[in-house]
Every structure is written in C-alpha cells, then in structure tokens.
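A.B. asks: Here is a sequence together with a model predicted from it:
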Amino acid sequence: MLCLTRSTDPSWVDRAVDRLDEVLIDHAHCEMKAAMNALSLAARAVTPAMASRLAALAEEETQHFREVLAELERRGLALGTSPPDPYAAELRALAHRTRPGGRSPEDTLVDRFLVAALIEARSCERFRLLADALARSADRGDLAAFYEGLFAAEARHYRTFLDFAIEAAGGDEPRVRLRLGELAEGEGQLAGALGVAPEIHG
Ligand SMILES: [Fe+2]
Ligand SMILES: [Fe+2]
C-alpha cells in the first residue's frame, strides 16, 4: 500500500482488536506526536505557504488527537505518560545512517518529510486493517467508521509529506523518489520485526 515494501503481519490486527483499549491509548499519543511533528516542521518550512499548510496539518492531527481522547473518555481510560516510540526513533536513525557522507540542511529536511510520509503510510495501512476488522464485529461499527475516516486522512497526509519533500528538494522528484525507495526498504525491514505489540506502530 502506498510506498510500503512489506505488509503488516496479519496477526497484528487480531491482537489489536483483542487489546483495543491499549491500542487506543497508544493511538492518542501517536496523533499528539503527529501534531507536534507538523508544527516542528512548520518552523523549518522553506516558504510561509509551506509553513501555513503544515500548521493546518497540525490542526487536523490535533483534531484526531481530540477524537481519540473522546473515545478514551467514553471508555474510562487514562491517557498516561507518553510511551517510547522505537518505530519512529529507528526510522529517524535509519535516515541518519543511510547518508554516510553527512546530510546538508536540505537533505535533513527532505528526510524529515520522507520519514513523516512513511509513518503516515504505515498508519494508513494499519487503520485500514482496523476498520475492516472492527466492521466485522457487530458492536463496534462506530469505531470502524472512525478508523475508515482516519485511513483516508492519513493516505492524504502521506501524499502531502511527499509533496513537501519534493518542494524542499527544489522540485527534484526523481531524487526524492529514489531516497523514498531506500527509506521504504529499511522501513519494511523494521515493520517485519514489529507486528507483535498492541500499538499502532508496534
Ligand atoms: Fe492523524
Ligand atoms: Fe496524519
């Protein structure tokens, strides 16, 4: 799906549905981090127009965060402190490692957008799995519709981050696509080692 080189282990969604409370808590933290990351990228944007679009993206992710918080409230769950996110940390480390000669400020920004695009792509894939699995369970139709909506939003965000990466690279789309391919290969290996925890990227 999208640029992903490896599909999530099919057993992930069964575990996620069985342990939905834990997934929802983790999901809330993911949306909060997505909002913070979009704002942090707005501070590095190459034009005010790009900064403004990133600020709008941060607002949308904040709205997702609030929607997941409302679900936690309904279920009597606490948000708790932010769990470590080895998936995102390892993706960022991968982007460093695979520029052995060092990165220019432009390379760094392109990589940040591409890492964000990959996280959106993986979230999108997993929301699709969740929406389909929840739709099969009679009492969870509302939540299935919620994840259906998020699936579409994260697919759009994937494209937005890819466009930002191309813009940050001065419009050099072939170079960005080549780099996306490299990072997607590493992300696929990382995803192959995951799929075991009741987390959005676990
Ligand atoms: Fe989101
Ligand atoms: Fe997103």
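C.D. replies: It's in. Ligands and ions are numbered 1, 2, ... in the order given.
A.B. asks: Heading C-terminal from the longest helix belonging to the chain, find the next helix or strand.
C.D. replies: Secondary structure of the chain read by DSSP state H shows that its longest helix is helix 105-135. Next in sequence after helix 105-135, counting helices and strands by DSSP states H and E, comes helix 141-168.
A.B. asks: Show me what counts as buried in that following helix.
C.D. replies: Buried residues in helix 141-168, counted by 16 or more other C-beta atoms under 10 Å: 143-144, 146-148, 150-151, 153-155, 157-158, 160-168. For the C-beta atoms, the positions are set from N, CA and C on the backbone; glycine is no exception.
A.B. asks: same deal with stretch 84-94?
C.D. replies: Buried positions in stretch 84-94, judged by neighbour count with 16+ other C-beta under 10 Å: Asp85, Pro86, Tyr87, Ala88, Glu90, Leu91, Leu94.
A.B. asks: now those residues in a markdown table, with distance to Ala70 and secondary structure?
C.D. replies: Formatted as a markdown table, the buried residues of stretch 84-94 follow (distance: C-beta to C-beta, whole Å; DSSP: H, G, I helix; E, B strand; the rest coil):
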| residue | distance to Ala70 | secondary structure |
| --- | --- | --- |
| Asp85 | 23 | coil |
| Pro86 | 28 | helix |
| Tyr87 | 25 | helix |
| Ala88 | 24 | helix |
| Glu90 | 31 | helix |
| Leu91 | 29 | helix |
| Leu94 | 34 | helix |
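A.B. asks: Could you pull up phi and psi at the closest residue in space to Ala35 that isn't next to it in sequence?
C.D. replies: Leaving aside its sequence neighbours, Ala35 sits nearest to Glu61 (C-beta to C-beta, 6 or more residues apart in numbering; 3.8 Å). With angles defined as degrees, to the nearest 10, Glu61 sits at phi -70, psi -40.
A.B. asks: I am assuming Lys33 contacts Tyr87, so please confirm or correct that.
C.D. replies: No: counting by C-beta atoms under 8 Å, Lys33 does not reach Tyr87; the two are 11.0 Å apart.
A.B. asks: mind checking pLDDT for the closest residue to ligand 1 within the chain?
C.D. replies: Proximity of the chain to ligand 1 (C-beta to the ion) peaks at His64, 3.8 Å away. With respect to pLDDT, His64 has a value of 97.
A.B. asks: Next: Ser137.
C.D. replies: So Ser137 comes in at 81 (pLDDT).
A.B. asks: what does the protein put close to ligand 1?
C.D. replies: Glu31, Glu61, His64 (C-beta under 5 Å from the ion).
A.B. asks: Give me the nearest residue to the closest residue to ligand 2 within the chain, chain neighbours excluded.
C.D. replies: The nearest approach of the chain to ligand 2 comes at His157, 3.7 Å away (C-beta to the ion). Distances taken as C-beta to C-beta, 6+ apart place Glu120 nearest to His157, at 4.4 Å, with adjacent residues excluded.
A.B. asks: before we move on, what about His64?
C.D. replies: In space, and not counting its chain neighbours, His64 is closest to Glu31: 4.3 Å by C-beta to C-beta, 6+ apart.
A.B. asks: Quickly note the distance from that neighbour to Glu173.
C.D. replies: Distance, Glu31 to Glu173, by C-beta to C-beta, to the nearest Å: 29 Å.
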